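Enquirer: Structure for the following, please:
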Amino acid sequence: MRKEASLAEWKALYEIATELKELRPWESFWDMDLIQLQGEEEEDVAFVSILGKGGDCYGITVYEGYDGLNDFMRLALADEMNLSVEFAMFSQNNLTCYWGNREELSEKQRKTIKELGYKYRGKNQWLYFMSYQAGYFPYNLDEDEVRRMTRYLGLLLEAVQCYRDMEEVVDFKGGDLFCYAFNEKTGARKWGAQAMPFTSCQFPSLTLTEEELLRELKEASKNDCILEAECTYTGSAVTDKKYDRPANPMLCLLAERNSGMMLKAEMVGPDEDAMVVLAETVVGFILTHGAPKEIRVSNVIIEAILDQVCQVAGIRLRRVKKLSAVSEFWEGMRERL
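Expert: Below is the predicted model:
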């Protein structure tokens, strides 16, 4: 159940963010220069990206935990993985503050600013906060997120000051980050360069263990079909009482390349795993119509999900830049949305 932050909690967050802005941290860091904020527990870790050195968009993005770092890497490596900007962005989980323009804010955000007594004028001056969750549209922070963001920005304020005072050079381009560790029990702090925990994007694979299903896939008849399999965000907001923010469902698509026929188009909400749904769709096709000669996918994430299914069924799995049948269907559908 969603709980909104009190005005006092918002006040604490706005105060620390305003103090941080005065430091102009984007003058010291590029958006790819990560800052690691480490608490007393190993799990208490966050990774911060600072936007604005290019002068276009000012902000601070906090990726929580190692899963958050993986989200950052997915976004950074989106081109290499052939992920669309929409897929990479809507798969993010992070907390972000921006200094933007008035029209970027919701009515609720403007109301909070007015109640706090802040007055902003001009371009890139309006301070507001957004919560990103995979499968949903960006939304206003809830109470717990406001509290966490206040803590992160407080640590970041200290971290930026320490970074500017130290003599050590952090080789960001060489794979280092700046780590600011803080032990709340002892009050001891340490900071300096540290190697990135990982520099690639990790993504899940699907492992089938049911022996009967594996046997059926292996013994399935063959056909000459070439299938295209894809998962894409619809970009259409769905408001439902079971969600505490507008959902952005995914569309699981399975098409036959040569005929252009769409075999399956299933909408999947954020409470389901769209990749698993896609795999189930492919398995259903194989068991009903036989194993196709080839299945084409557009990115490594879907490739990993379908890898075992294709190996067992003797199907060539091929990653291509563009899925022609899926793209034609999706472009037509976008015009109607």
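Enquirer: average pLDDT across the helix or strand encompassing Ile301?
Expert: When elements are assigned from DSSP states H and E, Ile301 belongs to helix 300-313. On average, the pLDDT along helix 300-313 is 96.
Enquirer: Return the list of helices and strands in contact with it.
Expert: Here helix 300-313 touches helix 211-219, strand 226-233, helix 274-289, strand 294-297, strand 316-319, going by 3 or more C-beta pairs under 8 Å, 6 or more residues apart in numbering; DSSP states H and E. In this view, the C-beta of every residue, glycine as well, is placed from N, C-alpha and C.
Enquirer: Just want the angle from the third one to strand 226-233.
Expert: Meaning helix 274-289. 150 degrees (axes from the mean of the first three to the mean of the last three C-alpha atoms, to 10 degrees).
Enquirer: got the angle between helix 274-289 and helix 300-313?
Expert: Using the same axes, to 10 degrees: helix 274-289 against helix 300-313 is 30 degrees.
Enquirer: elements contacting helix 274-289?
Expert: Packing partners of helix 274-289 (3+ C-beta pairs under 8 Å, 6+ apart): helix 211-219, strand 226-233, strand 250-256, strand 262-268, helix 300-313.
Enquirer: which outside residues touch the helix holding Ile301?
Expert: The contact list for helix 300-313 (C-beta atoms under 8 Å, 6 or more residues apart in numbering) reads 81-83, 203-208, 214, 217-218, 220, 229-231, 275-276, 278-279, 282-283, 286, 291, 295, 297, 315-317, 319.
Enquirer: how about that helix: buried residues?
Expert: 300-310, 312-313 (16 or more other C-beta atoms under 10 Å).
Enquirer: Just name the closest of those to Lys11, please.
Expert: Ile301 (41.0 Å; C-beta to C-beta).
Enquirer: Gln133: what's it in contact with?
Expert: Gln133 makes contact with 93, 139, 245, 270 under the criterion C-beta under 8 Å, 6+ apart.
Enquirer: In contact with the first one: list those residues for me.
Expert: Right, the one you point to is Asn93. With C-beta under 8 Å, 6+ apart, Asn93 has these contacts: 63-64, 67-68, 71, 132-134.
Enquirer: Now intersect those residues with the helices, please.
Expert: In this view, the contacts of Asn93 that belong to helices under DSSP state H are 67-68, 71.
Enquirer: Could you say which helix or strand holds Lys119?
Expert: Going by DSSP H and E, Lys119 is not in any helix or strand.
Enquirer: quick one: low-confidence parts of this protein?
Expert: Applying pLDDT under 70 to the chain picks out residues 334-337.
Enquirer: Could you list the domains of the chain?
Expert: 7-195, 211-336 (automatic domain parsing).
Enquirer: For Met277, the count of nearby residues, please.
Expert: Check again: residue 277 is Val, not Met. By other C-beta atoms under 10 Å, the residues close to Val277 number 17.
Enquirer: re earlier: any idea which of the ones in helices among the contacts of Asn93 has the most stuff around it?
Expert: Asp71 (23 neighbours).
Enquirer: what's the lengthiest helix in the chain packed up against?
Expert: In the chain, taking DSSP H as the definition, the longest helix is helix 143-165. Applying 3+ C-beta pairs under 8 Å, 6+ apart, one finds that helix 143-165 contacts helix 7-23, strand 35-38, strand 45-51, strand 58-64, strand 94-100, strand 126-132, strand 176-182, strand 189-195.
Enquirer: what's in contact with that helix?
Expert: 3-6, 9-10, 12-13, 16-17, 19-20, 23, 25, 28, 35, 37, 46, 48, 60, 62, 64, 95, 97, 129, 131, 141, 170, 178, 180, 182, 189, 191.
Enquirer: Show me the residue sitting in the middle of this structure in space.
Expert: Against the mean C-alpha coordinate of the chain, by C-alpha atoms, centre = their mean, the closest residue is Gln92 at 1.4 Å.
Enquirer: Next, find the distance separating that residue from Asp165.
Expert: 32 Å (C-beta to C-beta, to the nearest Å).
Enquirer: same deal with Ala78?
Expert: Using C-beta to C-beta, Ala78 is found at 35 Å from Asp165.
Enquirer: Which one of these two is surrounded by more residues?
Expert: Ala78 (18 against 8).
Enquirer: Please confirm that the more buried one is located within a helix.
Expert: No - counting by DSSP: H, G, I helix; E, B strand; the rest coil, one finds Ala78 to be coil, located in no helix.
Enquirer: that older thread, just the buried ones from the contacts of helix 300-313?
Expert: 81-83, 203, 206, 217, 220, 229-231, 275, 278-279, 282-283, 286, 291, 295, 297, 315, 317.
Enquirer: ok, back up a step: which of the buried residues of helix 300-313 sits closest to Leu105?
Expert: Checking these one by one against Leu105 (C-beta to C-beta), the nearest turns out to be Ile301, at 33.0 Å.
Enquirer: what's the neighbour count on the residue nearest to Asn183 when sequence neighbours are not counted?
Expert: Ranked by C-beta to C-beta, 6 or more residues apart in numbering and with sequence neighbours excluded, the top spatial neighbour of Asn183 is Glu40, at 4.7 Å. Residues lying near Glu40 (other C-beta under 10 Å) number 12.
Enquirer: Compute the distance between Glu40 and Arg189, please.
Expert: Relative to Arg189, and taking C-beta to C-beta, Glu40 is found at 11 Å.
Enquirer: how near is the closest residue to Leu213 other than its chain neighbours to Ala220?
Expert: Leaving aside its sequence neighbours, Leu213 sits nearest to Val283 (C-beta to C-beta, 6+ apart; 7.4 Å). With the distance defined as C-beta to C-beta, Val283 ends up 10 Å from Ala220.
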